[in-house]
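*Asks:* Here is my input; please provide its structure:
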Amino acid sequence: MAGALKFLYSSFDDLTQSKGASIHIQAFCRSIVAGTEHHLDLVTVSPTPEPMPPYRLYPQVTHIQLPALGKNLIDRVLSFRENLRLWLGQNTYDVIHFRSIWEGLPLVRAGACRLIYEVNGLPSIELKYRYPDLLDDRDLLAKIRSQENFCLQRANLILTPSPVTEAYLRSRGVTTPIQVIPNGVDTELFVPHPPPPTPPTQILYFGTFAPWQGLELAIRALAQLPPTFYLKAIGQGTKTQRRNLQKLIHKLDLEHRCQLLPPMPQTQLVPYLHQSHLVVAPLTLCDRNLVQGCCPLKVLEAMAGGVPVVTTDLPVVRHLGIDRQHFLLTRPNSVEDMVAKIQELDRDPHLRHQLSIHARQHILDNFTWQKAGTALQQAYAQW
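*Replies:* Residues are numbered from 1 along each chain as shown. Here you go, the predicted model:
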């Protein structure tokens, strides 16, 4: 791209929440303008009912937060779309980059510039896990899928973090160019640290508490492990999700061995990682993970921190490393196999050490935000 251009990066997310999407979005924003004279407006959801004053998030990046008001998701989406439409009417851009149909539909309909659709997840697959009643609302699901197809077909370029997602989009007949850019890790923040003494054995889970992440499996595995094993789970969850997990912890008599902690910034998360002997990422066998695909940031960050990872044998994980070299894989949805792999790690300090060393180097070689940013800049440079 010649000269200074203006970009819009929009996402139906609240960046004040500590979750993987916020980390990914901010890393991409920095990369898009790095080493250029371009300017980027990042438009996300305001944490308040009123618009927040725009502010400089990074050099050449201005953060605009627009309200998304309403009692349910649809109302909030419609509110945000209208505010975004008004914003777009007052500003012009050379390239518009969006992450979902929630903000993407009005941007695509405007159709006045190049469009990049970054597909990390699709509501037609993911929404039913948070709103089970949607399974019976075929009309709404059909509308959502139609909006997805409209955005996919009108985009000039599609970005996705996983080859599994790319294959799924192709199976839906998408002919738009697709580039796979995996997630990265801040390797200066997530660094190895001497493991804590044992016993007790400290197990860590971090991420969201959505059903597809498999935290329930980890809790059930803890119940089958000796009383010297403890689990801390850090993450974002709905009231219903947290309540159901607390009920399970109580039912299994694990209150003294299992803690559910709130989400926290990465700088606060890292000390918990350093206090842990292993990380579990028990992704479940479901269409969200198996068909749609994902690039689990928790796996990459734990590997960068040199903490051994026990995770699920799924294609999305296989794309990130090699079993018994970078992590230990368990059979999908198998509590018994998870217990066996955790105990194997606990018994074998040499295996823990080897996984730690190899995983860290693998991240440095393949999964840094610098590497992802270079790929993103190359994608933008096509124009």
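*Asks:* Please look at residue 213 and residue 207 and confirm they touch.
*Replies:* Yes. With contacts counted by CB atoms under 8 Å, residue 213 reaches residue 207, the gap being 5.4 Å. Bear in mind the C-beta positions are built from the backbone N, C-alpha and C, glycine included.
*Asks:* Those two: who's more crowded?
*Replies:* Higher neighbour count among residue 213 and residue 207: residue 213, with 27 against 24, using other CB atoms under 10 Å.
*Asks:* who touches both of residue 213 and residue 207?
*Replies:* Here residue 213 and residue 207 share the contacting residues 235, 281, scored by CB atoms under 8 Å, 6 or more residues apart in numbering.
*Asks:* mind listing what the residue sitting nearest the centre point of the chain touches?
*Replies:* Centroid-nearest residue in the chain: residue 20, 4.1 Å away (criterion: CA atoms, centre = their mean). Contacts for residue 20 (CB under 8 Å, 6+ apart) come out as 183, 207-208, 297-298.
*Asks:* and if we set it to 10 Å?
*Replies:* Residue 20 is in contact with 120, 183, 206-208, 235-236, 294-298, 300-301, counting by CB atoms under 10 Å, 6 or more residues apart in numbering.
*Asks:* Same question for residue 281.
*Replies:* For residue 281, the contact set (CB under 10 Å, 6+ apart) comprises 204-207, 213-215, 218, 296-300, 302, 309-312, 317, 327, 330.
*Asks:* Show only the entries of these found in strands.
*Replies:* Applying DSSP state E to the contacts of residue 281, the entries found in strands are 204-206, 309-312, 330.
*Asks:* Kindly reformat those as TSV and extend each row with distance to residue 115 and neighbour count.
*Replies:* Output for the ones in strands among the contacts of residue 281, formatted as TSV (distance: CB to CB, whole Å; neighbours: other CB atoms under 10 Å):
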residue	distance to residue 115	neighbour count
204	39	27
205	37	25
206	33	28
309	36	28
310	40	26
311	34	28
312	34	25
330	40	27
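*Asks:* Let me have these in JSON lines, extended by pLDDT.
*Replies:* Formatted as JSON lines, these follow (pLDDT from 0 to 100):
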{"residue": "204", "pLDDT": "98"}
{"residue": "205", "pLDDT": "98"}
{"residue": "206", "pLDDT": "96"}
{"residue": "309", "pLDDT": "98"}
{"residue": "310", "pLDDT": "98"}
{"residue": "311", "pLDDT": "98"}
{"residue": "312", "pLDDT": "98"}
{"residue": "330", "pLDDT": "98"}
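*Asks:* what's the farthest-apart pair in those?
*Replies:* Spanning the widest gap among the ones in strands among the contacts of residue 281 are 206 and 330, at 17.8 Å by CB to CB.
*Asks:* thought residue 147 was touching residue 103?
*Replies:* No. Between residue 147 and residue 103 there is no contact under CB atoms under 10 Å: 11.5 Å.
*Asks:* Looking at those two, which has the bigger crowd around it?
*Replies:* residue 103 (25 against 18).
*Asks:* residue ranges for the helices of the stretch 51-200 of the chain, please.
*Replies:* Taking DSSP state H, counting those that start in this stretch as the test, the helices found in the stretch 51-200 of the chain are 73-90, 101-110, 123-130, 138-154, 163-171.
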